[in-house]
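Asks: show me how the following folds:
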Amino acid sequence: MEIKTQTVEEIPCNLCGGQASEPVYIKNGLPIAQCQQCQLLYANPRLTQAEIWKRYSPDYFWQEYMPAHHAPNGEYAADFHEMRNRPMLELLEPFKENGRLLEVGCAAGFFLKVASDAGWEVQGLELMEPAVAYACQTLKLDMEQGTLEDSDLAANSFAAVVLIETLEHLLDPAATLRAAYRVLQPGGAIFIAVPNQNSIMHTLYGEDWAVLSPAEHLYYFTEDSLNQMLLQTGFRHVKFHWRLKKQPWHEVVCPQHTTKPRTLKGLALRSGTHVVGRLLAPLAAKIKRTDRLM
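Replies: Reported below is the predicted structural model:
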């Protein structure tokens, strides 16, 4: 993959504002660097906004995203999405009677659909035009195209805000978190799920860990860096969940996340994890090395 100089830009650290960073990985011609001040890992220099948003095309939505979410022909796999999303939704149950739920970066709206079926009044924001069309027309959800920062949503209007596998894709995650804080009611809750930079699978796969993808994953969080960013943007009482009730083991340690599945190392780790996954998942949760930070 050839990267033209004019399509990339240098950016400061989104956590501390530091200007100095050093490359740790090079993937597809793009560096993933570490801030020399606070140690945040992020894509720098990174593709420009116009280049990044080209990734989220109709072809990506229909040929990659939908098949990966058990919907290759646009069907809604209710049992699969209930299994995957209900454990996360249940964390927000104490806030349900107080109002509405907003999901940012909701893609096709599968989490929102589960929330709606559970009795939440829901609203979504998503950049991909075909995803918005699918959610509105097929799932009958209230969803708009755009970003939270540019939206005209009223302050203090939601009991809960959700970002699942979204924050790592954003150009300015701190700005999005500040916007989320603004639209939340006092005492409301935000739920975030992002890849865990300190996961066991990252350690095992190293540079071949598929999550290391700087053309789309712009930031890589640890418990410490995500906690710092939340506190800096106004949030309090941050609690991390390492494994949720009824969450299957392959949602905790996923052996599929490798860019080289057919190498000897890839085959060995995938087959080995399938054998010991049920034992590995509770250990990963205990030592905070799960695939996700939640």
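
Asks: use CA for all of it now, contacts and neighbours both
Replies: OK.

Asks: a strand runs through Ala33, doesn't it?
Replies: Yes - assigned with DSSP: H, G, I helix; E, B strand; the rest coil, Ala33 falls within a strand.

Asks: for it, list each beta-bridge partner.
Replies: Note on Ala33: beta-bridge partners Pro23, Tyr42, judged by DSSP bridges.

Asks: next up, the contacts around it.
Replies: By Cα atoms under 8 Å, 6 or more residues apart in numbering, Ala33 lies in contact with 21-25, 41-44.

Asks: what about the strands in the stretch 151-294 of the chain?
Replies: For the stretch 151-294 of the chain, applying DSSP state E, counting those that start in this stretch gives strands covering 158-164, 184-195, 219-220, 292-293.

Asks: for the second one, buried residues please.
Replies: Judged by neighbour count using 16 or more other Cα atoms under 10 Å, the buried positions of strand 184-195 are 184-185, 188-195.

Asks: ok, back up a step: weed out the non-buried ones from the contacts of Ala33.
Replies: 21, 23, 25, 41-44.

Asks: distance to Met83 added to those residues, as a markdown table?
Replies: Output for those, formatted as a markdown table (distance: Cα to Cα, whole Å):
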| residue | distance to Met83 |
| --- | --- |
| Ser21 | 40 |
| Pro23 | 38 |
| Tyr25 | 35 |
| Leu41 | 31 |
| Tyr42 | 31 |
| Ala43 | 32 |
| Asn44 | 36 |
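
Asks: for the chain, which helix is longest?
Replies: Criterion DSSP state H: the longest helix present in the chain is helix 264-286.

Asks: could I get the average pLDDT for that one?
Replies: For helix 264-286, mean pLDDT is 92.

Asks: what's that helix packed up against?
Replies: helix 200-205 (3 or more Cα pairs under 8 Å, 6 or more residues apart in numbering; DSSP states H and E).

Asks: what about Glu121, how many neighbours?
Replies: Neighbour count of Glu121, defined by other Cα atoms under 10 Å: 17.

Asks: wait, Phe158 touches Glu103, no?
Replies: No - the criterion here is Cα atoms under 8 Å, and Phe158 misses it with Glu103 at 10.2 Å.

Asks: anything in contact with each of these two?
Replies: With Cα under 8 Å, 6+ apart, Phe158 and Glu103 have no common neighbours.

Asks: low-confidence stretches in this protein?
Replies: Applying pLDDT under 70 to the chain flags residues 1-6.

Asks: quick one: furthest residue from the center of it?
Replies: Taking Cα atoms, centre = their mean, the residue of the chain most remote from its mean C-alpha position is Leu264, at 29.2 Å.

Asks: great, nothing more from me.
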